[in-house]
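Asks: Give the three-dimensional model of this entry:
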Amino acid sequence: YIGRIDHQVKIRGFRIELGEIEARLVQQAAVREAFVLAQDGDNGQQLVAYIVPSETTAAVEAQATLRESIKAALKEHLPDYMVPAYLLFLEALPLTPNGKLDRKALPKVDAQQLQQVYVAPQSELEQQVAAIWADVLKLDRVGLSDNFFELGGHSLLVAQVVTRVKQQFGVDIPIKSLFGAESLSAFVEKVQALRETTSSLQDELAKSLEALKRLSPDDLEKIIS
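Replies: Numbers count the residues shown, from 1 in each chain. Down below sits the predicted model:
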């Protein structure tokens, strides 16, 4: 597949061999067939993998688990920009009367359908962070169980989320925090922990400044000297 111009795409500045991704997919025991293409979406071009599983997985929960394991295996061999944003499971790849893949018959991606069973954000912080995710991902809503990358998130969108969190909550959360978060709920916990740490440091600083204000000029002179 290497070198096939019709199998190369360029997304966010990276040249990608779609065949290499397909080869990594079919190496997995859970995958019988796979086809990868780049589709235009609300957040620009994104990689979509159409997969025929080795075993039928109709249940939403089972599909979510399989999707997660397939992505994890891909990340062991491919850079993040080559891991498809979406994995869609099919009973069979659609074919034309001539036996070739019928691209026009492939279903379009609907990020809403890939969401976990919706668990509504409860706390004010959960609701605020969920609103940021939904806005960045261009979705109507995001639940506590949803995974940012399962919904089409990628590195550029991660940067947007981190920037928004910093602006809204005044915390410098590392980019890796979102990459390592399995769900919105897990990410909110990291934001909350950082807010508490930042608040604690600010309190300590305020107490120290207040103590300095109460010192006499002689005491200050002794400290400085």
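Asks: how much space between V52 and T96?
Replies: V52 sits 17 Å away from T96, going by CB to CB, to the nearest Å. Placement of C-beta: from N, CA and C, glycine included.
Asks: and if you look at F89?
Replies: The gap separating F89 from T96 is 21 Å, by CB to CB.
Asks: Need the distance between the two termini of stretch 89-102.
Replies: Stretch 89-102 has an end-to-end distance of 16 Å (CA to CA, to the nearest Å).
Asks: mind checking how far it is from the chain centre?
Replies: For stretch 89-102, the separation from the chain centroid amounts to 30 Å (computed by CA atoms, centre = their mean, to the nearest Å).
Asks: Stretch 118-125 too?
Replies: 18 Å.
Asks: Name the surrounding residues that touch it.
Replies: 127, 129-130, 141-145, 184-185, 188, 191-192, 195 (CB atoms under 8 Å, 6 or more residues apart in numbering).
Asks: Compute the mean per-residue pLDDT across that stretch, please.
Replies: Stretch 118-125 carries an average pLDDT of 91.
Asks: so where is this structure shaky, pLDDT-wise?
Replies: Scanning the chain with the threshold set as pLDDT under 70 gives 1-6, 42-43, 58-60, 111-117, 199-212, 215, 219-220, 223, 225.
Asks: which stretches of it form strands?
Replies: Ranges of strands in the chain, per DSSP state E, are 8-11, 14-17, 31-41, 44-53, 86-89.
Asks: Which stretches in the protein count as helices?
Replies: 18-26, 60-75, 124-137, 155-169, 175-179, 184-213, 217-224 (DSSP state H).
Asks: The ones you listed: which one's closest to L106?
Replies: Closest approach to L106 among the helices of the chain (CB to CB): helix 18-26, 13.5 Å.
Asks: Show me the domain layout of the protein.
Replies: Domains of the chain are assigned by automatic domain parsing as 5-109, 116-213.
Asks: Put together TSV for these, with mean neighbour count and distance to K222 on each row.
Replies: Output for the domains of the chain, formatted as TSV (neighbours: other CB atoms under 10 Å; distance: least, CB to CB, whole Å):
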stretch	mean neighbour count	distance to K222
domain 5-109	15	56
domain 116-213	16	13
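Asks: Ok, which of those domains comes nearest I224?
Replies: So among those, domain 116-213 is nearest, using CB to CB, at 11.0 Å.
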